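*Asks:* sequence and predicted structure are below.
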Amino acid sequence: MSVNDNGTLVKVDAATKYFKRGSEEIHVLEKLDMQVPEGEFLALMGPSGSGKSTLLNLIGGLDRPTSGSVTVAGERIDRLSRQKLAAWRARHVGLVFQFYNLLPVLTAERNVELPLLLTHLSRAERKKHVDAALDVVGLSHRKTHYPKTLSGGEQQRVGIARGIVSDPTLLLADEPTGDLDRKSGDEVLDLLKALNKDHNKTIIMVTHDPHAALRSTRTLYLNEGKLSTEPAE
Amino acid sequence: MKFVKLVISNFRRKIIRTVLTILSILVAFILFAYLAAIRQSLSQGIDVAGADRLVVRHKVSIIQMLPGSYEADIEQIPGVADATFSNWFGGIYQEPKNFFPQFAVNPEEYLAMYPEFLLSDEEKEAWFSTRTGAVVGRNTAERFGWEVGDKVPIQGTAWTRKGGQRTWDFDIVGIYDGAEQGTDTTQFLFHYAYFDEARSFGRGLVGWYIVRVDDPDDAVRIATAIDDTFANSPAETKAETEGAFVQGFADQIGNIGAITQAILVMVFFTILLVAGNTMAQSVRERTGELAVLKAVGFTDSHVLVMVLLEAMAIAGVGGFLGLGVGWLMISRGDPTGGLLPIFFLPPKDIVMGVILVIVLGLVTGLLPALQAGRLRIADALRQL
Ligand SMILES: Nc1ncnc2c1ncn2[C@@H]1O[C@H](COP(=O)(O)OP(=O)(O)OP(=O)(O)O)[C@@H](O)[C@H]1O
Ligand SMILES: [Mg+2]
């Protein structure tokens, strides 16, 4: 993958994001700059409603900035068409959600397989990747289980397996432990940490939990549309 | 294929709802098939009516007879290729409920007029040369177990013999088949000469004429010419195409086409609501899931097509099963035991059914599919 000279994988440049709600405009991000070097495990904190998810969506190509640019691995993703952006996401981004967002009608392994359906991999190759991903999260023995028969922690680990199965450039997690008890949360954090350290995955994780942020290599705080290295107050 | 599996897995979601929806579609299509067969049966003949044939009857009603001399006059009219006559007999075999049409005809001329009645050369020969000989359609022959060589007594209801006897004896000399599936094989045909000579009244009169024209496009003009020829005579005529004639017959039982159509429109409107609601609900319930699919890289069109396929699959399973079950039930034959002798699902209605299945799938799937395609990930994920 092409990374900037200084090893920057994600570069957000003067990104502004407004939402229209009726006649009123909500200014969430104001000319925000951000750089994430490759191999980093970044924790993103900030009060509720400060725009953490919004920022993550911009970086993951799930949404576009009102102005400014988002560059990932040397590519300006804010300019891609919806169609191209979808293909880009499939190739470059793994997503982990707070509420796991597994498809209830699919078994664990078929949930993990979803991103691979968009590739040209054969069924056998897909199975190999799925097995490997489930192995990484330690759930090989649960692959034929449906989500509702799994615990929250297990579901989230399936979610992580889905996030990494296509070996994305970037793993984005929005409050991955927000819905888990301390023990399951710790397991998920250990897993993310291991993915970062052992597999050199670049991870950006939104969290409310300072304890979770401790596992990261760096923590940034979002407040009133701006980023800082220190919490507000 | 991998996407199809994904589509199918969605049927697991609300299995009861899916099954109920499919069942209601299935029932609708059984009904569709059945009504199509009934309509076909009641208006039987219209579809297979010869476009180049006219029927000429008494202007007042079909019951009034026409002079036998008209045949020669009709054949004089330019554009007329051939003409023959037929005569309603209206007899009873054993019991009044054993109804089937019987006609006194000129065998050579009649077979020439109706090439869709298929007889072997030997049977034709036997018929032409046997004065009391009759040929009968396969359907009626099988109904009464008649075979060539049988002697069949028919009770005349309108027609008595000279001397007052009501029983007419006929020798079955041939059993005809239809060239097409819709060809009427219920008719019982015998010599007009035998009939005319033996009947106690009405000599020299015939029921109606059948006329073949050279050019079907000319049929209307020739019909007018025929009617003009006999205008102001004691027996004025009404000439019309065979299709219109048969239609007129069918209309006497009510406008079957319009009735079945009205029923079907109501049924399909209901089905549209049922299936449409199922799809709309099914998509609304999984806005988040669709957003997740898009988030991991499915394009808008992927998602749109998947939802559309799902609707098509529901319509397809229900519709094709319904058509199939309907077809099976219909193939077991006339459900009334004789009232609807020609009972089958016409190919054009099968095609129509298939088209309806596809349209149903498209219509019920289109709106939810468009909605799913337009779904914005960031918005949808927030609604979870
Ligand atoms: N799609 C949207 N349409 C309208 N307003 C939005 C949209 N997405 C976010 N917002 C608004 O933007 C602001 C930031 O939302 P965002 O979800 O990014 O916050 P957050 O920091 O992730 O909050 P939380 O910690 O509660 O998840 C909120 O005021 C929210 O209501
Ligand atoms: Mg958030």
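*Replies:* Noted; the coordinates are in hand. Owing to the predicted nature of the structure, the values given are computational and were not obtained by experimental measurement. Ligands and ions are numbered 1, 2, ... in the order given.
*Asks:* for my notes, confirm B:Gln64 occurs in a helix.
*Replies:* No: checked against DSSP: H, G, I helix; E, B strand; the rest coil, B:Gln64 lies outside a helix; its state is coil.
*Asks:* from B:Trp88, how far out is it?
*Replies:* Between B:Gln64 and B:Trp88 the distance is 11 Å, computed by C-beta to C-beta, to the nearest Å. The C-beta positions use only the backbone N, C-alpha and C, and glycine is treated the same way.
*Asks:* the two: who's more crowded?
*Replies:* B:Trp88 (17 against 14; other C-beta atoms under 10 Å in any protein chain shown).
*Asks:* what's the closest non-adjacent residue to that one?
*Replies:* The spatially closest residue to B:Trp88, leaving aside those adjacent along the chain, is B:Gly207, at 4.8 Å (C-beta to C-beta, 6 or more residues apart in numbering or on different chains).
*Asks:* and the residue of chain A nearest chain B?
*Replies:* Closest residue of chain A to chain B, C-beta to the nearest C-beta: A:Ala90 (2.5 Å).
*Asks:* that residue sits in which helix or strand?
*Replies:* Here A:Ala90, judged by DSSP states H and E, is contained in helix A:82-92.
*Asks:* circling back: check contacts around the residue of chain A closest to chain B.
*Replies:* A:115, A:118-119, A:166, B:296-298 (C-beta atoms under 8 Å, 6 or more residues apart in numbering or on different chains).
*Asks:* which SS state does the residue most central in space within chain B fall under?
*Replies:* Among the residues of chain B, B:Gln40 comes closest to the average C-alpha position under C-alpha atoms, centre = their mean, at 2.0 Å. Counting by three-state DSSP, the backbone at B:Gln40 sits in helix.
*Asks:* gap between it and ligand 1?
*Replies:* Distance, B:Gln40 to ligand 1, using C-beta to the nearest ligand atom, to the nearest Å: 57 Å.
*Asks:* excluding its backbone neighbours, what's nearest that residue?
*Replies:* Take B:Gln40 and drop its neighbours on the chain: the residue closest to it by C-beta to C-beta, 6+ apart is B:Pro346, 4.9 Å away.
*Asks:* go ahead and confirm A:Gln155 touches A:Phe97.
*Replies:* No: with contact defined as C-beta atoms under 8 Å, A:Gln155 does not count as touching A:Phe97 (10.3 Å).
*Asks:* so for the longest helix along chain A, mean pLDDT?
*Replies:* For chain A, the helix that runs over the most residues, judged by DSSP state H, is helix A:182-198. Averaged over helix A:182-198, pLDDT sits at 94.
*Asks:* ok, residues contacting whichever helix or strand comes after it?
*Replies:* The helix or strand immediately downstream of helix A:182-198 is strand A:202-206, counting by DSSP H and E. Here strand A:202-206 makes contact (C-beta under 8 Å, 6+ apart) with A:9-10, A:36-45, A:52-53, A:56, A:59, A:169-176, A:192, A:195-196, A:212, A:216.
*Asks:* check the residues you listed one by one and keep those near ligand 1.
*Replies:* Counting by C-beta under 6 Å from any ligand atom, A:52-53 from the contacts of strand A:202-206 sit close to ligand 1.
*Asks:* just the buried ones from the contacts of strand A:202-206, in ChimeraX syntax?
*Replies:* Applied in ChimeraX, the following selects the buried portion of the contacts of strand A:202-206 according to 16 or more other C-beta atoms under 10 Å in any protein chain shown:
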select /A:9,10,36,37,38,40,41,42,43,44,45,52,53,56,59,169,170,171,172,173,174,175,176,192,195,196,212,216
